[in-house]
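Undergrad: sequence plus predicted model, see below.
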Amino acid sequence: MKKIISYTSISLILLIMVTFSVGCSDKTVTTQSDNLDMSVISNSDSTDNTGILQLSLVKILLKDIKLNVSNANSDSNNFKTGPFVLTLNLNSNINVISTGLIPVGTYDKVRFMVHKLDNNETPPDPDFVDANGRYSVVVRGTYAGVPFIYKSSKSAHQKLTFPNMLQVQESGKSNITLRVKPYMWFIENNIYLDPSDPANSNDIDNNIKDNINNNFKIFVDNDKNGLPD
C-alpha cells in the first residue's frame, strides 16, 4: 500500500526547517574588547651636554611580557609573547606598541625578557643576526663624531614595579608606559663609554642586563602623557 503524505504534513515540515534555520542564524558570538595598551617613551637624555654620544637608532628584541597579579608571588598573566622588535622613538614622543586583553584585577609588576635570538628562531629583523652571532639589542649612532654600531649578545630578565598599582576594570581601557633611557647604557661613573671599544662591552651589557640607573621604568599612564598617573 502506498503511503500518502498530505500537503498539511509537508507544510509543517517546511515550517519547522525554516524556524530552525532562522533560530541558528540569529545566534551571535560576542568577544571582549582589548582592555590594556602598552606604550613606550624614550628621550635623548645626556649628562655632559657636549653631544659626545648621539644615538640615531635603538632596537630591542623583547619576549614574554607578563603582568604580575598583586599580592601573588607566582601568579601572572601574559600580555605579549613575541619575540618582537621594539624600535625606540628618540624624540620623546609616546607610542603605543601593543594592545591586549588581560583579566580584570590589580597588578603590581611587569616582567619581560630582553631576548637574544635562539639558533632555531627566525629573526624578525635582519639587524639581529649576522655572521658573528645573534643579538638582543642593536644601537647605531656616533661617538665623538665617529659612527658606530653596537650589538649586545646578552639576554636579560627584567622585573619592573609600578609606582602605583595597575587597576584593570571590566569596562574601559588602561595604559601602561615603559620608559627606556638607552643613553644610560653607555655611562659608567658619569663618563660616556666608547661603544666601538671592545673593552667597554662588558660594562655596557651589564648596564642593559642589570637595569643599573633604572634604564627601564614602568608606570600607569592612562592619559598617555608620558608621566606616571
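TA: Received, thanks.

Undergrad: contacts, neighbours, all on C-alpha from now
TA: Fine.

Undergrad: report the beta-bridge partners for residue 55.
TA: residue 141 (DSSP bridges).

Undergrad: swap that for residue 37, please
TA: Bridge pairing for residue 37 - DSSP bridges - gives residue 99, residue 175.

Undergrad: ok, now which ones touch the residue nearest to residue 56 when sequence neighbours are not counted?
TA: Nearest residue to residue 56, sequence neighbours excluded (Cα to Cα, 6 or more residues apart in numbering): residue 141, at 4.9 Å. Residues in contact with residue 141 (Cα atoms under 8 Å, 6 or more residues apart in numbering) are 53, 54, 55, 56, 57, 147, 148, 149.

Undergrad: how much space between residue 141 and residue 61?
TA: Distance from residue 141 to residue 61, counting by Cα to Cα, to the nearest Å: 18 Å.

Undergrad: again, but for residue 83
TA: Applying Cα to Cα, the value for residue 83 to residue 61 is 6 Å.

Undergrad: what is in contact with those two at once?
TA: With Cα under 8 Å, 6+ apart as the test, residue 83 and residue 61 both reach residue 115.

Undergrad: out of the two, which sits in the busier spot?
TA: residue 61 (24 against 21; other Cα atoms under 10 Å).

Undergrad: phi, psi for the nearest residue to that one once chain neighbours are set aside please.
TA: With Cα to Cα, 6+ apart as the criterion, residue 61 has its nearest non-adjacent residue at 4.7 Å, and that residue is residue 85. Main-chain torsions, residue 85, degrees, to the nearest 10: phi -90, psi 130.

Undergrad: neighbouring contacts of the helix or strand containing residue 177?
TA: Under the criterion of DSSP states H and E, residue 177 resides in strand 174-180. With contacts defined as Cα under 8 Å, 6+ apart, strand 174-180 is touched by 35-43, 167-168, 215-224, 226.

Undergrad: which of these are buried?
TA: Among the contacts of strand 174-180, those classed as buried by 16 or more other Cα atoms under 10 Å are 35-43, 168, 215-222, 224, 226.

Undergrad: any idea how far the nearest residue to residue 140 once chain neighbours are set aside is from residue 143?
TA: Closest residue in space to residue 140, ignoring its immediate chain neighbours: residue 149 at 4.6 Å, by Cα to Cα, 6+ apart. To residue 143, residue 149 is 10 Å away according to Cα to Cα.
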